[in-house]
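> sequence unknown, structure follows:
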């Protein structure tokens, strides 16, 4: 796929987010899809490709009356939507379809009709991790952190600073689930969940969703919103269970995904105006900054200590408030993509003036996968 | 008693049989000499199917961990460690550190550990680790 040959022409989140007991898991997907089609001025008959994770593509297509010529049900956790964007761009470029709808919806908080997850006791996780008391993600994706903190001389306070700065961004976003300012002391005094992770170092659990519509750049100028071009993409896969992660201080999936994205975009880290780094827990953006090449190993903490990622800083990161303060339904990647698209359209609540390039990076499952999309608003 | 117990498959049965016999069994590739875990009938490094099974020393060091303050119902009510250890032979595995306070002060990265086997039922014994004495 040629850089900037595919564009996002429709983007929207669910009508309501946070606590949405009136919609099911599927219903949230469909609400987001309807909003994205309205944003693009398209009807279901205009869509010929569907991608989703959590639900199946056939459910989304049949529910909306779409007849897809192409579908992608890739589910590699919360970064699935980054992979969907990448795969959809390739499919459109290959001529398999012309207009792709990507949906996310998750009743993470209210648990209305979610796809049930039951650990298989014969799986690698079931045999070699679950017996030791591992369950929800806070007992899994957090496990590398102690090694990272020790090897890089990063501290719990550094993670707390990250949470504080992201709350500053959330305060600027009316749709953020939590917006009240917090202090480092409050973060470090919040209840312990899984040492060293306290409650305010963990993502929210909310209901919501979002959807994107992609088509070719030639057609993109005919849509109501300012086109947002796909400049570069990457994806990476490492392990099925976190205990098999080769090095707990760096993610191979992140590195592979970032290298592919920057190479295909033809840019360097210095060209980036805006950055979204999926933050299920406060340590993950530190890995992302280093593994995507914004700094050397162990230097990510300085981006936060020196407030470079904060409002007014040189590299704004997670300008919606992130998974820690904006929304986190379970597979947050779609919300990061939505914020990148808003920033490139120039309509974000905490808009970065003059931003031309936005990098959006997601983690999948327990550092198992990664996806990176580089957007630009320049054709 | 823990409820989330493993269901061995043909590829892993030997490992679980070893635990029941108080042996921490690993696999070594006869072609490239890679030692690996979890068990599988071929080498993840070179794909050779020529492998040998041997009993590991049971010595390990603490690679990383959390202390879960919200234990699952079958793990009791007190905060407990969930740890990844590096075996003396190289591979890493998930486990719990027992036999010491479940605190950051007692759980120091790189501390020396020794395997202990904790039977769960007639079929399943879990390998856990405790600090090396002395």
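That came through, no problem. For clarity, every value in this text was computed on a predicted model and none was experimentally measured. Residues are numbered from 1 along each chain as shown, chains lettered A, B, ... in the order given.

> under the pLDDT cut-off, which ranges of chain B? List them.
Applying pLDDT under 70 to chain B picks out residues B:134.

> which parts of it sit against chain A?
B:2, B:4-9, B:12, B:38, B:63-72, B:74-75, B:79-80, B:82, B:84, B:92-96, B:104, B:109, B:120, B:124, B:126 (Cβ under 8 Å from any Cβ of the partner chain). Just so you know, the C-beta spots here come from the backbone N, C-alpha and C atoms, and that holds for glycine as well.

> from those, which would you call buried?
Taking 16 or more other Cβ atoms under 10 Å in any protein chain shown as the criterion, what is buried in the residues of chain B next to chain A is B:2, B:4-6, B:8, B:12, B:38, B:63-69, B:71-72, B:75, B:79-80, B:82, B:84, B:92-96, B:120, B:124, B:126.

> what's the residue of the stretch 151-300 of chain A found nearest chain B sitting at in phi/psi?
Per Cβ to the nearest Cβ, residue A:195 is where the stretch 151-300 of chain A lies closest to chain B, at 3.8 Å. With angles defined as degrees, to the nearest 10, residue A:195 sits at phi -50, psi 130.

> what of residue A:285?
phi -60, psi -30.

> coming back round to it: what helix or strand does the nearest residue to the residue of the stretch 151-300 of chain A closest to chain B once chain neighbours are set aside sit in?
Distances taken as Cβ to Cβ, 6 or more residues apart in numbering or on different chains put residue B:67 closest to residue A:195, at 3.8 Å, once the chain neighbours are dropped. Residue B:67 is part of strand B:59-68, with elements assigned from DSSP states H and E.

> which residues in the stretch 201-350 of chain A form helices?
A:217-220, A:252-265, A:284-291, A:300-305, A:322-325, A:333-345 (DSSP state H, counting those that start in this stretch).

> nearest to residue A:157, out of these?
helix A:300-305 (9.2 Å; Cβ to Cβ).

> point out where the stretch 201-350 of chain A drops to low pLDDT.
Short version for the stretch 201-350 of chain A, where the test is pLDDT under 70: none.

> what does it have sitting close to chain B?
Counting by Cβ under 8 Å from any Cβ, the stretch 201-350 of chain A sits next to chain B at A:241, A:242, A:243, A:244, A:248.

> could I get those as a markdown table with distance to residue A:306?
As requested, those are exported to a markdown table (distance: Cβ to Cβ, whole Å):
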| residue | distance to residue A:306 |
| --- | --- |
| A:241 | 36 |
| A:242 | 30 |
| A:243 | 34 |
| A:244 | 35 |
| A:248 | 26 |
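
> ok, now which ones touch residue A:262?
A:232, A:234, A:268, A:269, A:292, A:293, A:374 (Cβ atoms under 8 Å, 6 or more residues apart in numbering or on different chains).

> filter those down to the buried ones, ChimeraX style.
Remark: buried members of those, expressed as a ChimeraX selection using 16+ other Cβ under 10 Å:
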select /A:232,234,292,374
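
> quick revisit: so which of the residues of chain B next to chain A sit within helices?
Of the residues of chain B next to chain A, none are assigned to helices by DSSP state H.

> any idea where the helices of the stretch 51-200 of chain A begin and end?
Under DSSP H, counting those that start in this stretch, the stretch 51-200 of chain A gives helices at A:57-64, A:80-94, A:124-128, A:145-152, A:156-170, A:184-188.

> looking at these, which is nearest to residue A:334?
helix A:80-94 (4.5 Å).

> buried residues in the closest one?
Neighbour-count burial for helix A:80-94 [16+ other Cβ under 10 Å]: A:80, A:81, A:82, A:83, A:84, A:85, A:86, A:87, A:88, A:89, A:91, A:92.

> going by distance to residue B:20, which of those wins?
After measuring these against residue B:20 - Cβ to Cβ - the closest member comes out as residue A:80, at 39.3 Å.

> mind listing what the spatially closest residue to the closest one that is not a sequence neighbour touches?
Ranked by Cβ to Cβ, 6+ apart and with sequence neighbours excluded, the top spatial neighbour of residue A:80 is residue A:53, at 3.6 Å. Shown in contact with residue A:53 (Cβ under 8 Å, 6+ apart): A:73, A:74, A:75, A:76, A:80, A:81, A:84, A:104, A:331.

> so who does the second one touch?
It refers to residue A:74. A:51, A:53, A:80, A:83, A:84, A:87.

> I'd like the contacts of residue A:53 laid out as a markdown table, including distance to residue A:190.
Shown next, in a markdown table, are the contacts of residue A:53 (distance: Cβ to Cβ, whole Å):
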| residue | distance to residue A:190 |
| --- | --- |
| A:73 | 37 |
| A:74 | 35 |
| A:75 | 32 |
| A:76 | 30 |
| A:80 | 30 |
| A:81 | 29 |
| A:84 | 34 |
| A:104 | 28 |
| A:331 | 25 |
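
> closest to residue B:18 among these?
residue A:76 (32.7 Å).

> which strand residues bridge residue A:49?
residue A:70, residue A:100 (DSSP bridges).

> in this structure it contacts residue A:89, no?
No - judged on Cβ atoms under 8 Å, residue A:49 makes no contact with residue A:89 at a distance of 10.7 Å.

> circling back: which other helices and strands does the strand holding residue B:67 contact?
For strand B:59-68, the packing partners by 3 or more Cβ pairs under 8 Å, 6 or more residues apart in numbering or on different chains; DSSP states H and E come out as helix A:145-152, strand A:192-195, strand B:80-87, strand B:112-119.
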